[in-house]
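>>> Sequence and predicted model, in that order:
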Amino acid sequence: MPYLFTFKPLNVETMLKILPVLLLLTACSPTTYYIVRHGEKEAPGSAMGGDVALSAAGEQRALALRERLKTGRIQYIYSTDTRRTKGTARPLAEALGAGIETYNPRDTGFVRYVLGRGKANALIVGHSNTVDDLVNSFLGRTELQDLPDSAYSNLFIITRKGKKISYARERYGN
């Protein structure tokens, strides 16, 4: 069967002509940061003290997060060093073949670190009393206060395109 198209290798002159266009397209692509609180947790008082695992509802929420974000071109996944935050991030990390990088929620340089990684979409999993600090730091303004302890379904989406920053608050899971 004959081919409908033939392809010739690009010569240097052609490559130099299209390189600025490719760079422009890359420079204009947005970077998105998805920030969530961990899923529902087991009741306090477990053998692990304060580091409780996800409940069955939390595990379902983690699966819902995976489904919601699996096409989000996420390159980095960050989680605090607790069972419930890592459990929330794990299904997406496994689906993407990505690792989970732990961060200290008290580290005031964490947001600068994430921004310094360049144009790379990221998921960040935190806690009811740290998600607001993350969102506010990425936005450069106060948008949120501490989340209620019962709030698990919020998905905060911050998109940066050049100097423009947009913000959305969505829900995921049941």
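Looks like it came in fine.
>>> And the pLDDT for the residue nearest in space to the middle of the chain?
Taking C-alpha atoms, centre = their mean, the centroid of the chain lies closest to L123, which sits 1.5 Å from it. Per-residue confidence (pLDDT) for L123: 98.
>>> Where does it sit: helix, strand or coil?
strand (DSSP: H, G, I helix; E, B strand; the rest coil).
>>> That one: what's it in contact with?
34-36, 65, 69, 72, 74, 76-78, 89, 92 (C-beta atoms under 8 Å, 6 or more residues apart in numbering). The way it works is simple: take the backbone N, C-alpha and C, and place the C-beta from them, glycine included.
>>> S150: which of the residues you listed is nearest?
V36 (14.8 Å; C-beta to C-beta).
>>> and that closest one, what are its bridge partners?
V125, L155 (DSSP bridges).
>>> That one touches L92, doesn't it?
No - the pair V36 / L92 is not scored as a contact, 10.2 Å apart, by C-beta atoms under 8 Å.
>>> For this structure, just list every one of the strands.
31-37, 74-79, 100-102, 121-126, 154-161, 164-171 (DSSP state E).
>>> any weak-confidence spans in the chain?
1-10, 14-15, 19-28, 45-49 (pLDDT under 70).
>>> one step back: and of the strands of the chain, who's closest to F138?
Among the strands of the chain, strand 154-161 sits nearest to F138 (C-beta to C-beta), with 4.6 Å.
>>> residues touching the residue nearest to R160 when sequence neighbours are not counted, list them.
Nearest residue to R160 in three dimensions, chain neighbours excluded: T31, at 4.9 Å (C-beta to C-beta, 6 or more residues apart in numbering). Applying C-beta under 8 Å, 6+ apart, we find T31 in contact with 118-121, 159-161.
>>> If anything else comes up later, I'll come back, but that's it for now.
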